[in-house]
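A.B. asks: using only what follows, build the 3D model:
(one chain, ligands or ions: 1)
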Amino acid sequence: MLDFTELQNRYVFEGNLHLQGAMHIGSGRSDEEVDSVFACTSDNRPYIPGSSIRGALRSHTERILLSIRKPSCLLFSDSTFENPVMETKCLTAQKPDELAEIEQDELYENIMANPDLLCDTCKVYGSPHFASRVKIPDAIRAEQTPLNKRFNTGINRETGTVASGVLFSMNVVEKGNAFPFKLIAENMEPLTLGVLAIGLLEMMSGEFWIGAKAATGLGQCKLELSSVKYFGDDGVPLRQHILATTETEKFTVIPQNAIATKLRDWASAYINTTEEN
Ligand SMILES: [Zn+2]
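C.D. replies: Numbering: from 1, shown residues only. You can find the predicted model right below:
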């Protein structure tokens, strides 16, 4: 497994996240109008934190990997972790006291020597013991955007049913608006590209939700990728890419009409790989 000490390759994905319904991203603040104010920049442009997008990609990917019998944690599940696919638990899922005796440096070395100590999701999105290969900047709207007010009933986290007597107000950005999307992945290999592609394809299908209120139907969005480019996996020495003066010299670009096919190729190569490989 590639580690992080040297840059080997970089993939840059860009596009737009189109809202399929209203979205609420909490800022953790309330004001005189609403209980939960939408996250906004200091000049009042709404944004989705990159960490929220990454968390959503991660949790959608976990569910899919488990359903196709690939090793994955289920980090955001409340249920006790018992992964039927992996022989041993992913390090991420082990309790702190099970790992307490091992130093962080030693854990990292163990992972590099035996990558399968981590599940496939953690190989891409990281864990407390291993950095993420994927960076997603905050998705900030280019302009100020009208925010509407919504009331919502409280949802019981355990049962997913409506909790009685709780009415909660929040700002939403309405359906039809879009947020710019960017994702940078480094030191990717066929396995990690395949896992990433599975998440991105789900995001492109529109069956994808971001934000804590997804259980109430908020936050559905659909990714449209307009550009995918990479360097480092094209046989050209890295120093030539780093010193390149134009985008064309720097990156190999996947034509827009070939992006979905490319993602499916990466995903199917991963899905069809048996554990022996
Ligand atoms: Zn894991």
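A.B. asks: how about low-confidence regions in the stretch 1-150 of the chain?
C.D. replies: 75-88, 95-100 (pLDDT under 70).
A.B. asks: which bits of it sit near the ion?
C.D. replies: With Cβ under 5 Å from the ion as the criterion, the stretch 1-150 of the chain comes near the ion at residues 73, 90, 92, 119, 122. Quick note: C-beta positions are derived from backbone N, CA and C, even for glycine.
A.B. asks: ok, now with 6 Å
C.D. replies: 73, 90, 92-93, 118-119, 121-122, 127 (Cβ under 6 Å from the ion).
A.B. asks: scan these and report the most crowded one.
C.D. replies: Counting neighbours by other Cβ atoms under 10 Å, residue 121 leads those with 29 neighbours.
A.B. asks: and the residue of the stretch 151-277 of the chain at minimum distance from the ion, what is it in contact with?
C.D. replies: Nearest to the ion, among the residues of the stretch 151-277 of the chain, is residue 195, at 11.2 Å (Cβ to the ion). If you count contacts by Cβ atoms under 8 Å, 6 or more residues apart in numbering, residue 195 has them with 61, 65, 120-121, 123-124, 270.
A.B. asks: ditto for residue 22
C.D. replies: So residue 22 contacts 148, 150, 172-175, 218 (Cβ under 8 Å, 6+ apart).
A.B. asks: repeat that with 7 Å
C.D. replies: 150, 172-175, 218 (Cβ atoms under 7 Å, 6 or more residues apart in numbering).
A.B. asks: do residue 206 as well
C.D. replies: 20, 222.
A.B. asks: let's see it at 8 Å
C.D. replies: 20, 220-222.
A.B. asks: who wins for most neighbours among those residues?
C.D. replies: That'd be residue 221 among the contacts of residue 206, by other Cβ under 10 Å, with 26 neighbours.
A.B. asks: and the residues of the stretch 1-150 of the chain next to the ion as TSV, adding secondary structure?
C.D. replies: Listed next are these as TSV, based on DSSP: H, G, I helix; E, B strand; the rest coil:
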residue	secondary structure
73	coil
90	coil
92	helix
93	helix
118	coil
119	coil
121	helix
122	helix
127	strand
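A.B. asks: any chance of CSV for those residues, columns distance to residue 231?
C.D. replies: Formatted as CSV, these follow (distance: Cβ to Cβ, whole Å):
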residue, distance to residue 231
73, 31
90, 31
92, 30
93, 34
118, 26
119, 28
121, 26
122, 26
127, 27
